[in-house]
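Novice: Below is the structure, and that's it, no one-letter string:
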C-alpha cells in the first residue's frame, strides 16, 4: 500500500482535507504516487498550449449521445432537468437503457461536414463533443469497452472520426468532453447507485472529504480509473489526436484519482489543452457555471458554457431557447473580460440539429460575417464598463460593442488614455466617423439609426496599444434607469463574485462586517435619482436537505439563511434597509442627489444576523424629474 503522495496532496490543498496519513492509510488501498507539484505548468508551457484557444474566443459545445433519441421522455414521462441525465433521473435499469436508448439509436441523418460548417460560419473556432457522458456510453469506436456506438447501436459508424476529418478540412480545432468521474453503464464503476448499489452517485453527499467516510468507494474508484477512464482517454488521444479534453464533476472522485488522470494526459500529449474541471488549479483554464448569464472580472484564462435553451442534451419539451441576440451580447461580454464562449448545441437523435438551434446559428453567422474581427484574437478591454455596452481590444484597435444606440447620434467614450486616429463602423469600414474630445470624453458621431440593433461595432484605430482607467465609469445619460451590477464592482473584505447564471448574479460570502461593494462613477450631469437595490437572500433551512445539482443531488446543510441590515451610501447620503429572505428581492430605498463629477456608491454592512448578510445583484439609479 502506498501513501507517499498524501503529504504533497495535503500541502497542495493547504490542509483542506483535514486528514492525517494514518487516517488515509486506514482506507487500505494502493495507487501510483503522483506529486501534484509536478503537474504545475510554467507560464511558457501554458502559453504554448493555449495560443490557439485564446485566439479562437468562440467554440461549439455538443452534447450528443444515445440519450438524444429519447429526447427527454421515458415511458410517457417528461424529464425535469438536463435530458442527458435521463437515465439517472428516472433510475432506468441498464438492460432497459441498452434496449430503448442504445438499441434504437440510428442517427442516419448525421452529416459531419454540415455540423462543422454551421459552426465555422457562426464564428466558432473549436468544437468540443461528448465522447462519453455520465451514462458511460462511448460515442466512438472504443476497444476498451463494447458499450459504444459502433458495437451497441444499429448505426455501426464512428461519428467522432467523421467530425475530426471535417474539422481538419475546414480549419476547426477539435476535442472531446469525457466524463471521467461518473459511469452509469458499468457494474464496477462509480455512479449507478440505484441498480448496482455502486458508490459515486447520489448516495455520496456533502463534505469536502466525503471519500474519507466512505472507504468502500476508494478501491472502486481506483479500479474504474485504471481499467476504463485512463485507457479510454489514452485511446482518444492516440486515435484522434484531439486539441482539447474537457472533463466534468471532479468532486465525484477522490482528488488523487483526478490527479492520476491529469498525469496520464500530460505524459501522452503535453500540448493538449485541459479544462479546469479535472483538478482545481492545475487545468489550463477555468470554467464558469453551467448556463451563465453574466460574467465577473477575471484575471486568468476562462470559458463560459451557455446552452441554447436549458438542457445540454436534446429535450423535445424544452422550448426555452434564448434569442440570437442573447448570445451575440454574451459573446461580447466574454471577450471584453478576456474569456471564451463555448456555446452548447444538443443535436437530435436523428443526427440533425434542432431547427431552433439552426436559427440561432444562422443569426450568429450573419452578425459574425460583419463583426467577427471584434471577437477573434481579441484580449480583455482596458476600459471601464461603458453605459452603452462593452468593448474588446486587438493590437492598437479598440472595438466598441454598442448595445444601447444613442438617439442623438453622439456616442461618448470614457476612460481611454490613448489618442485615436480613426473611427469606422465595421458595417461600413471605408467611411470614417468624426470624433471630438471634450474634457476626457471622446464624442464619436454615429448615424442616428443603428446598423445592428443587437450589437453595432465601432472600430477605433489608436496611436498605440490602448490604455485606460478600468475603475472610472462614466454616467452620461440620466434620462433612463442606470443599472450598476455588483459583478462589475470593487469587492472588499472576503466577498466573492457569484456564479453568474440566471438565478445567481451577484456577490456571495458576505459574512464579515468589513465587507463592502463599491462603484466609482463619473457623472456628466447632476440629478436626483430614486435608488433601489436588487439582491438574493437565502432562506433558512432547519434541517439538511437535498438539492438537485448539475450532476445529481447534493447535500445542503442547515443554516439560518441570510439576514441583517445594510447601508447604501451615495453622494454622501445614506439609505438603509433590512434583509428579506427570498430568491430575487427588489427594494426601493429612497432618493439621492448626485452632483456633477466623481462619485462613489457603496453597499456596506449594518448588522449580520444570519449565516450571511445577503447577495446583492445590483443598484439601480432611476432619474427623478425635480
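Specialist: Received the coordinates, thanks. In this text, all values refer to a predicted model and were calculated from it rather than measured experimentally.
Novice: Strands of the stretch 51-200 of the chain, start to end?
Specialist: Counting by DSSP state E, counting those that start in this stretch, one finds strands in the stretch 51-200 of the chain at the ranges 58-62, 73-74, 77-78, 126-132, 173-178.
Novice: can you count the residues close to residue 519?
Specialist: If you count neighbours by other C-beta atoms under 10 Å, residue 519 ends up with 22. Where C-beta positions appear, they are placed from N, C-alpha and C, glycine not excepted.
Novice: Let me fix that, I meant to ask about residue 123.
Specialist: Neighbours of residue 123 using other C-beta under 10 Å come to 25.
Novice: Quick check on it: phi, psi?
Specialist: phi 100, psi 0 (degrees, to the nearest 10).
Novice: again with residue 369
Specialist: According to degrees, to the nearest 10, residue 369 has phi -60, psi -30.
Novice: Give me the spatial nearest neighbour of it, chain neighbours excluded.
Specialist: In space, not counting the residues next to it along the chain, residue 369 is nearest to residue 121; the distance is 8.0 Å by C-beta to C-beta, 6 or more residues apart in numbering.
Novice: Quick one: residues contacting residue 104.
Specialist: 69, 154 (C-beta atoms under 8 Å, 6 or more residues apart in numbering).
Novice: who's in contact with the closest residue to residue 93 other than its chain neighbours?
Specialist: The shortest distance from residue 93 to any non-neighbouring residue, by C-beta to C-beta, 6+ apart, is to residue 195 (5.5 Å). Residues near residue 195 by C-beta under 8 Å, 6+ apart: 91, 93, 94.
Novice: and which of those is nearest to residue 584?
Specialist: Distance to residue 584 across the contacts of residue 195 (C-beta to C-beta) is lowest for residue 91, with 33.0 Å.
Novice: What is the burial count for the closest one?
Specialist: Neighbour number of residue 91 under other C-beta under 10 Å is 13.
Novice: I'd like the numbering to begin with 573 instead of 1 from here.
Specialist: Yep, numbering from 573; the last one is residue 663 now.
Novice: right, and it touches residue 765 too?
Specialist: No. In this structure residue 663 lies outside contact range of residue 765 using C-beta atoms under 8 Å: 9.4 Å.
Novice: Where does pLDDT dip in the stretch 723-872 of the chain?
Specialist: Counting by pLDDT under 70, the stretch 723-872 of the chain shows low-confidence ranges at 775-785.
Novice: rerun at 50
Specialist: Residue ranges of the stretch 723-872 of the chain with pLDDT under 50: 779.
Novice: Where do the helices of it begin and end?
Specialist: 731-742, 789-796, 802-812, 827-840 (DSSP state H, counting those that start in this stretch).
Novice: Then the chain?
Specialist: 578-584, 593-597, 615-628, 658-661, 666-669, 684-693, 721-724, 731-742, 789-796, 802-812, 827-840, 896-908, 927-943 (DSSP state H).
Novice: So which of these is nearest residue 999?
Specialist: Across the helices of the chain, closest to residue 999 is helix 927-943 (C-beta to C-beta), at 5.4 Å.
Novice: Mind listing what's buried along that closest one?
Specialist: 929, 932, 933, 935, 936, 937, 939, 940, 942, 943 (16 or more other C-beta atoms under 10 Å).
Novice: In JSON lines, list the residues you listed along with pLDDT.
Specialist: Shown next, in JSON lines, are the buried residues of helix 927-943 (pLDDT from 0 to 100):
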{"residue": "929", "pLDDT": "98"}
{"residue": "932", "pLDDT": "98"}
{"residue": "933", "pLDDT": "98"}
{"residue": "935", "pLDDT": "98"}
{"residue": "936", "pLDDT": "98"}
{"residue": "937", "pLDDT": "98"}
{"residue": "939", "pLDDT": "98"}
{"residue": "940", "pLDDT": "98"}
{"residue": "942", "pLDDT": "98"}
{"residue": "943", "pLDDT": "98"}
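Novice: Out of these, the closest to residue 721 would be?
Specialist: residue 929 (21.5 Å).
Novice: got a list of what the closest one touches?
Specialist: By C-beta under 8 Å, 6+ apart, the residues touching residue 929 are 880, 893, 917, 918, 919.
Novice: lowest-pLDDT helix or strand in this structure?
Specialist: Averaged element by element with mean pLDDT, DSSP states H and E, the chain has its least confident helix or strand at helix 593-597 (a mean of 40).
Novice: before we move on, back to that, how about the strands of the stretch 623-772 of the chain in a markdown table, adding mean neighbour count?
Specialist: Output for the strands of the stretch 623-772 of the chain, formatted as a markdown table (neighbours: other C-beta atoms under 10 Å):
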| stretch | mean neighbour count |
| --- | --- |
| strand 630-634 | 24 |
| strand 645-646 | 18 |
| strand 649-650 | 12 |
| strand 698-704 | 26 |
| strand 745-750 | 23 |
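Novice: thinking again about what came up before, between all of the contacts of residue 929, which two are separated the most?
Specialist: Put simply, by C-beta to C-beta the two of these set farthest apart are 893 and 919, 14.3 Å from each other.
Novice: Who has more neighbours out of those two?
Specialist: Higher neighbour count among residue 893 and residue 919: residue 919, with 23 against 16, using other C-beta under 10 Å.
Novice: so the more buried one makes contact with residue 930?
Specialist: No. Using C-beta under 8 Å, residue 919 is not in contact with residue 930, being 10.4 Å away.
Novice: what's the distance between residue 987 and residue 1166?
Specialist: According to C-beta to C-beta, to the nearest Å, residue 987 and residue 1166 sit 19 Å apart.
Novice: Just the pLDDT at the closest residue to residue 1148 other than its chain neighbours, thanks.
Specialist: Spatial nearest neighbour of residue 1148, excluding adjacent residues (C-beta to C-beta, 6+ apart): residue 1139 at 4.9 Å. Residue 1139 is assigned a pLDDT of 98 by the prediction.
Novice: quick one: contacts for residue 1139?
Specialist: Per C-beta under 8 Å, 6+ apart, neighbours of residue 1139: 1146, 1147, 1148, 1175, 1176, 1177, 1178.
Novice: Okay, residue 647 and residue 661: tell me how far apart.
Specialist: Relative to residue 661, residue 647 is positioned 12 Å away (C-beta to C-beta).
Novice: quick one, which of those two is more surrounded?
Specialist: residue 661 (18 against 8).
Novice: coming back round to it: how about TSV for the contacts of residue 1139, with neighbour count and pLDDT added?
Specialist: Output for these, formatted as TSV (neighbours: other C-beta atoms under 10 Å; pLDDT from 0 to 100):
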residue	neighbour count	pLDDT
1146	14	97
1147	18	98
1148	13	97
1175	27	98
1176	17	98
1177	18	97
1178	15	97
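Novice: Quick one: the contacts of residue 767 as CSV, columns for pLDDT too.
Specialist: Putting these into CSV (pLDDT from 0 to 100) gives the following:
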residue, pLDDT
663, 95
665, 96
666, 96
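Novice: coming back round to it: so which of the helices of the chain gets nearest residue 1154?
Specialist: helix 896-908 (25.4 Å).
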